[in-house]
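**Student:** following is a predicted model, sequence given first.
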Amino acid sequence: MTIVLDGKKIAEEIQRELHEEMKDWKKCGKRLPKLAVIIVGDHTASQVYVNNKENAAKYIGFHSIVKEFPKDITEEKLLCEIDKLNQDSTVDGILVQLPLPLHMDEERVLVSIGPEKDVDGFHPLNMGHLLVGHPEKLPCTPYGIMTLLDRYQIDLEGKHAVIVGRSNIVGKPMSQLLLHQNATVTVTHSKTKNLKEITQQADILIVAIGQCEMITADFVKDGAVVVDVGMNRNSEGKLVGDVAYDDVFPKASFITPVPGGVGPMTITMLMEQTINNARIGDR
Ligand SMILES: Nc1nc(=O)c2c([nH]1)NC[C@@H]1CN(c3ccc(C(=O)N[C@@H](CCC(=O)O)C(=O)O)cc3)C=[N+]21
Ligand SMILES: [Mg+2]
């Protein structure tokens, strides 16, 4: 039997809890959290993501502002805008939507976000805290996946977790979080030889490669937990993951759907970290 890891449902549960908490804050006159999202250029794909975030913030009941800039904005101007948000004590979280236009130095932009307002956990200082085992802010997708696995009481200790993809956003931070839970972790990527032989050993398989339905049943061990981070549009314009869901489903013990799996969890963790920052009130 296969159990669907229902990210949408868990995300709604957590958002409801956060909503209740915000009602209490309002009652006692506490300043409500505020998230600032910066978008450079207009990707329609990121527009969906931005709308989902806006709706979540609205539902939970805190402030969210979106600052949109044209794709040809200079890096200096963008850094200046980020600095304004850094200095604004009513702003608890800053998120700069990635990817940035090619002419920009992404690393330089991310470093300019005050680490205490970095709700994505992408600042090298926060990545460093994570690496030494005392995370302060977590990248939202790996954090969302860990929360999902935890809610379904999936034990990670001693299990072989295989991650496909080594990005700073998903693969690398994911490997650290799994290590902290005493999993044995293998990180694979586009240059990995014998990928299939390695994924076949996975008790927990996390896939974040951006390749439409690449992971088919032959990559998967019987009874594996399969987490699909992919979000691709297929030729019919339908949203599909990196895992061939129908093919892999009967082999998996647990599996995330796309949509309705990892995506809503990512959004929810972003909300939680924004509230957490306001709670700390260290600005
Ligand atoms: N600084 C930064 N942080 C990010 O976390 C970040 C980013 N930049 N750039 C873009 C990607 C993409 N991303 C998504 C998260 C959730 C959904 C989501 O909610 N997906 C829903 C619905 C999607 C749909 O219906 O189109 C689902 O999977 O069920 C989508 C996309 C965060 N990203
Ligand atoms: Mg999803």
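**Tutor:** Arrived safely. Predicted, not measured: the structure shown is a model, and the values here were computed from it. Numbering: from 1, shown residues only. Ligands and ions are numbered 1, 2, ... in the order given.
**Student:** the domain parsing of the chain - what is it?
**Tutor:** When the chain is parsed with automatic domain parsing, its domains come out as 30-114, 140-262.
**Student:** can you tell me the distance between the two ends of the longest one?
**Tutor:** Distance across domain 140-262, first residue to last, is 10 Å (CA to CA, to the nearest Å).
**Student:** work out the gap between it and the centre of the chain.
**Tutor:** 13 Å (CA atoms, centre = their mean, to the nearest Å).
**Student:** so is it next to ligand 1?
**Tutor:** Yes. Domain 140-262 lies within reach of ligand 1 by CB under 6 Å from any ligand atom, at 140, 231, 239, 258, 259, 260. Quick note: C-beta positions are derived from backbone N, CA and C, even for glycine.
**Student:** ditto for the first one
**Tutor:** Yes. Legend: contact between domain 30-114 and ligand 1 by CB under 6 Å from any ligand atom is shown at 46, 48, 49, 52, 95, 96, 97, 98.
**Student:** quick check, nearest of those residues to residue 151?
**Tutor:** Closest approach to residue 151 among these (CB to CB): residue 52, at 20.0 Å.
**Student:** what's the burial count for the residue in the stretch 101-250 of the chain that ligand 2 sits nearest to?
**Tutor:** Residue nearest to ligand 2 within the stretch 101-250 of the chain (CB to the ion): residue 231, separated by 6.6 Å. Residue 231 is flanked by 20 other residues according to other CB atoms under 10 Å.
**Student:** wait, what's in contact with it?
**Tutor:** Counting by CB atoms under 8 Å, 6 or more residues apart in numbering, residue 231 makes contact with 239, 241, 258, 259, 263.
**Student:** show the pLDDT at it.
**Tutor:** The model reports residue 231 with a pLDDT of 94.
**Student:** could you report the separation of it from residue 133?
**Tutor:** 30 Å (CB to CB, to the nearest Å).
**Student:** got a list of what residue 145 touches?
**Tutor:** 174, 177, 206, 227, 229, 262, 265.
**Student:** in its sheet, what does whichever strand or helix holds the fourth one sit against?
**Tutor:** If you go by DSSP states H and E, residue 227 is part of strand 225-228. In the sheet, strand 225-228 lines up against strand 204-207 (parallel), strand 254-255 (parallel) (DSSP bridges).
**Student:** check which element follows it along the chain.
**Tutor:** strand 232-233.
**Student:** run me through the strand neighbours of the helix or strand following that next one, direction for each.
**Tutor:** As assigned by DSSP H and E, the chain's next helix or strand after strand 232-233 is strand 239-240. If you go by DSSP bridges, strand 239-240 pairs up with strand 232-233 (antiparallel).
**Student:** contact partners of the strand it pairs with?
**Tutor:** With CB under 8 Å, 6+ apart, strand 232-233 has contacts from 45, 210, 211, 212, 213, 239, 240, 241, 242.
**Student:** now do the contacts for the last one.
**Tutor:** Read that as residue 242. Residue 242 neighbours (CB under 8 Å, 6+ apart): 164, 207-215, 228-230, 232.
**Student:** which residue, other than its chain neighbours, is closest to it?
**Tutor:** residue 230 (3.0 Å; CB to CB, 6 or more residues apart in numbering).
**Student:** what does the one you found show for phi and psi?
**Tutor:** Taking degrees, to the nearest 10, you get phi -70, psi 150 for the backbone angles of residue 230.
**Student:** quick check: it touching residue 209?
**Tutor:** Yes. Residue 230 is within contact range of residue 209, at 6.7 Å (criterion: CB atoms under 8 Å).
**Student:** for the stretch 1-150 of the chain, which segments count as helices?
**Tutor:** Counting by DSSP state H, counting those that start in this stretch, one finds helices in the stretch 1-150 of the chain at the ranges 7-27, 44-60, 75-87, 106-112, 124-131, 140-151.
**Student:** and the ones you listed, which one is worst for confidence?
**Tutor:** Among the helices of the stretch 1-150 of the chain, helix 44-60 scores lowest, with a mean of 86.
**Student:** point out where this protein drops to low pLDDT.
**Tutor:** 43-46, 281-283 (pLDDT under 70).
**Student:** near ligand 2, which residues of it show up?
**Tutor:** By CB under 5 Å from the ion, the part of the chain that sits against ligand 2 consists of 258, 259, 261, 262, 263.
**Student:** now, which of those sits nearest residue 4?
**Tutor:** residue 261 (8.3 Å).
**Student:** what residues are up against residue 25?
**Tutor:** Contacts of residue 25 (CB under 8 Å, 6+ apart): 31, 32.
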